[in-house]
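S.K.: A structural model of the following input is requested.
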Amino acid sequence: MSSNYDIIAAHYAASDRLDLAGMMANVSATVEWTEMAGFPCAGTWIGPQAVIDNVFKVLGTAWEDYRFELERLVDGNDVIIGIGAYSGTYRATGKAMRARVAHVWRLEGGKVVKFEQFTDTLLVANAMR
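M.R.: I've put the predicted structure just below:
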C-alpha cells in the first residue's frame, strides 16, 4: 500500500498530466472537499462526482491554462500539506493571475477523506473583473 505522502504526490502528478481519473483515484466516495470562500468554486462538495462537477469542470471551462504548481509537499502522516501556486487566464476577461495556495489533505485507509484549500482569493477575483 502506498503511503499517504505517495498518494498525494500521485494526485499532483496526475494533475500535471491533466488526468482527472488519476487525480480522483484515491478519493473517498464520501470525501468532503472545501474550496475557500471567495474562490470561484467556493463551498464544500461531498463525493468525487460533486468535486469534478463543481470544481474541476468549472475551472477547466472558465480558465485557460489553469494550473497548480507544487512547490513543496509536507508529510504529516494522516495530514499532507501541498504548497504552491495557481495560475491561469480567465477566459471572460483575458486577465491572468498567479496566487499562492496551500492544500490540506486528510487521509484514512489510503483514501482522501477531507480536502481544504487556502488561497489569496483577491488575486483570483481581480482576474475575473
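S.K.: Direction included, what does the helix or strand containing Ala99 pair up with?
M.R.: Secondary structure assigned from DSSP states H and E places Ala99 in strand 96-108. When pairs are called by DSSP bridges, strand 96-108 turns out to pair with strand 79-90 (antiparallel), strand 111-119 (antiparallel).
S.K.: export the last one as PDB, just CAs?
M.R.: Which is strand 111-119. Extracted as PDB, the C-alpha positions of strand 111-119 are listed here (Å, rounded to 0.1, in the frame of the first residue of the first chain):
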ATOM      1  CA  LYS A 111      -8.200   7.400   0.800                       C
ATOM      2  CA  VAL A 112      -8.600  11.200   0.800                       C
ATOM      3  CA  VAL A 113     -11.500  11.900   3.200                       C
ATOM      4  CA  LYS A 114     -11.100  15.700   3.500                       C
ATOM      5  CA  PHE A 115      -9.500  18.400   1.400                       C
ATOM      6  CA  GLU A 116      -9.300  22.100   2.300                       C
ATOM      7  CA  GLN A 117      -7.900  24.900   0.100                       C
ATOM      8  CA  PHE A 118      -6.400  28.200   1.400                       C
ATOM      9  CA  THR A 119      -5.500  30.800  -1.200                       C
END
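S.K.: What residues sit buried inside it?
M.R.: If you call a residue buried by 16 or more other Cβ atoms under 10 Å, then strand 111-119 has these buried ones: Lys111, Val112, Val113, Lys114, Phe115, Gln117, Thr119. Glycine gets a C-beta too; all of them are placed from N, C-alpha and C.
S.K.: The second one and His11: what is the separation?
M.R.: As defined by Cβ to Cβ, to the nearest Å, Val112 lies at a distance of 8 Å from His11.
S.K.: Show me what the longest helix anywhere in the chain is packed against.
M.R.: Scanning the chain for the longest helix, with DSSP state H as the assignment, gives helix 4-16. Packing contacts for helix 4-16, counted by 3 or more Cβ pairs under 8 Å, 6 or more residues apart in numbering; DSSP states H and E, involve helix 20-24, strand 63-76, strand 79-90, strand 96-108, strand 111-119.
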